[in-house]
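Colleague: starting from these lines, generate the structure:
(chains A and B)
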Amino acid sequence: MHCEIVQNILEEYLEDELDENFRREVESHLQSCSYCQRELVMTERIANFISVIPDPQVPEEIYENVITQVCASQKQPTIIPLNKGVALAASCQWHRGLFSGITDALRGGIRHIGDRFAMKKWQVAAAMASLLLLFAILGGYYIRQKATVPKQSYATETDIDPQQVAMAVEDIKFALSIVQAATRKTELILAQLPYEMGIDTATQKAFDTVREVDAKASKSVLDAIRKGLVILTKSRSILEIKTNKS
Amino acid sequence: MHEQFIAILKQYQRQVYKLAIYMLNDEEEAKDVTQEAFLKAWQFFETIRKETTKAWLLKTTTNLCIDRLRRRKFQSAWNEFNNEDGDVEIGNKIFGVIDKTPGPLEQCLKQETRELVQKAIAQLPQDYRIAIVLRDIEELNYEDISVMLNLPIGTVKSNIFRGRRMLKKILRPMFEV
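Modeller: Okay, the predicted model is just below:
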């Protein structure tokens, strides 16, 4: 067997891809040909070398960019990148506090009414749900009535420039979107934390992360809301007094 | 569902990026392709079955890389390789002045060496490059590669072995005493 033939099938030989007869012929040639033996060693070394080279370093921005673009897409879920670019996220603490405050108040109210009138929790909850339904029906009726009245633009009612109204609406929308982003960021933080960390450590870590952006973001949120309200109500002095009091 | 996607992103971004960088030999393009692959995975997330996520990602990445390569003009590099002495020229071009003192294999395990292999693989024709990267870099078996590329196993093996022979020519200066 010629060296040229053997050297052209060394890769197949190493992978055991040759049929039995051919393989025996190659081995027989290799036993007697030092040149082909060296070529076989070279082939093995290169194959082994390629199999042990280290993986490339993955650029960090890949993860962040994918998450950012997923968030920007129309589809669910709403997740946001964990990077400093989202430092605009407002204080989720405020948002969570408000939500948990409302639910605590509801639970407390149900418990109190149940104790006061010797009613079971589900009975109180059903009564409250019925009341809410009644308010919703009456509210819907009221809105329908209002809708029949010719609408004047807010700008005409208050003599405010329509452009200013539009800007004010945008400011408040911006503030609310920041709050929404903060909520999403907290969801992502919680999803990122390993379960073995323990719930107390995980809670503290999430809280610390939100608090880091709180100082920067809460002022911008408050400013945006305030600016919007000032334009809409045209009562800057009243708002300043109220702000100072709080 | 979003936790699952994040888990997939974390688990496979290294493999996807590795495939892309060896296929394209360009960090910026590899980053773009990696991001594109995961965004497509997000787009079709509900239809990708859990057990085929890795194969789906690698196949998508391979296709994206092929698209990119088609836009490039690498014919001149292939023509150069086809010259009689082209392989030696390319080998020397890649490695510069080669230190022929043999050393332990561990000395080669550096980032610069990985990049040299990356450049060597980039010199291969597209079909051989894909086969080498999927087999020797991503360590997929023949059957998975055959399914992924929609090629008969015989063709896959043929491309791998021919690719290795060409790679041996290019990398020879590094290993000859």
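
Colleague: thought B:L9 was touching B:F38?
Modeller: Yes - counting by C-beta atoms under 8 Å, B:F38 is a contact partner of B:L9 at 5.7 Å. From N, CA and C alone the C-beta is placed, and that goes for glycine too.

Colleague: and the two? Which one has more around it.
Modeller: B:F38 (26 against 20; other C-beta atoms under 10 Å in any protein chain shown).

Colleague: show me the contacts for the more buried one.
Modeller: A:I62, A:V66, B:I8, B:L9, B:Q13, B:V16, B:L57 (C-beta atoms under 8 Å, 6 or more residues apart in numbering or on different chains).

Colleague: top of these by neighbour count?
Modeller: Neighbour counts for the contacts of B:F38 (other C-beta under 10 Å) peak at B:V16, which has 28 neighbours.

Colleague: now do that residue against B:Q111, distance only.
Modeller: Counting by C-beta to C-beta, to the nearest Å, the gap between B:V16 and B:Q111 amounts to 19 Å.

Colleague: B:I153 now?
Modeller: From B:I153 over to B:Q111 (counting by C-beta to C-beta), the distance is 34 Å.

Colleague: number of residues surrounding A:I9?
Modeller: Applying other C-beta under 10 Å, we find 17 residues neighbouring A:I9.

Colleague: try B:V117
Modeller: 22.

Colleague: what bits of the chain have low per-residue confidence?
Modeller: Since you didn't name a chain, this refers to chain A. Applying pLDDT under 70 to chain A picks out residues A:74-107, A:110, A:145-203, A:205-207, A:209-246.

Colleague: actually chain B
Modeller: Ranges of chain B meeting pLDDT under 70: B:1, B:50-51, B:73-110, B:176-177.

Colleague: residue of it closest to chain A, please.
Modeller: Taking C-beta to the nearest C-beta as the measure, the point where chain B comes nearest chain A is B:H2, at 3.7 Å.

Colleague: so B:E27 sits against A:P59, correct?
Modeller: Yes - counting by C-beta under 8 Å, B:E27 touches A:P59, with 7.3 Å between them.

Colleague: those two: who's more crowded?
Modeller: A:P59 (18 against 15).

Colleague: element containing the closest residue to B:P152 other than its chain neighbours, please.
Modeller: Closest residue to B:P152 apart from its sequence neighbours, by C-beta to C-beta, 6 or more residues apart in numbering or on different chains: B:S146 at 6.6 Å. Taking DSSP states H and E as the definition, B:S146 sits inside helix B:142-149.

Colleague: what sits up against that helix?
Modeller: B:55, B:58-59, B:62, B:130-131, B:134-135, B:140, B:151-153, B:155-157.

Colleague: out of those residues, which sit inside helices?
Modeller: In helices, judged by DSSP state H, the following of these are found: B:A55, B:L58, B:K59, B:T62, B:I130, B:A131, B:I153, B:T155, B:V156, B:K157.

Colleague: wait, doesn't the last one sit right on A:L18?
Modeller: No - with contact defined as C-beta under 8 Å, B:K157 does not reach A:L18; the gap is 11.5 Å.

Colleague: these two: who's more crowded?
Modeller: B:K157 (20 against 16).

Colleague: ok, back up a step: can you list the ones in helices among the contacts of helix B:142-149 in a markdown table and add distance to B:V33?
Modeller: Converted to a markdown table, the ones in helices among the contacts of helix B:142-149 look like this (distance: C-beta to C-beta, whole Å):
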| residue | distance to B:V33 |
| --- | --- |
| B:A55 | 17 |
| B:L58 | 12 |
| B:K59 | 13 |
| B:T62 | 10 |
| B:I130 | 13 |
| B:A131 | 18 |
| B:I153 | 26 |
| B:T155 | 24 |
| B:V156 | 22 |
| B:K157 | 26 |
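
Colleague: just the buried ones out of those, please.
Modeller: Applying 16 or more other C-beta atoms under 10 Å in any protein chain shown to the ones in helices among the contacts of helix B:142-149, the neighbour count classes B:A55, B:L58, B:K59, B:T62, B:I130, B:A131, B:V156, B:K157 as buried.

Colleague: OK, contacts around the third one?
Modeller: With contacts defined as C-beta under 8 Å, 6+ apart, B:K59 is in contact with B:M148.

Colleague: which parts of chain B are strands?
Modeller: Counting by DSSP state E, chain B has no strands at all.

Colleague: mind listing the helices for it?
Modeller: Under DSSP H, chain B gives helices at B:2-24, B:27-43, B:53-71, B:75-82, B:86-95, B:111-122, B:126-132, B:142-149, B:153-175.

Colleague: and of the contacts of B:F38, the nearest to A:A125?
Modeller: Of all the contacts of B:F38, A:A125 sits closest to B:I8, with 40.7 Å by C-beta to C-beta.
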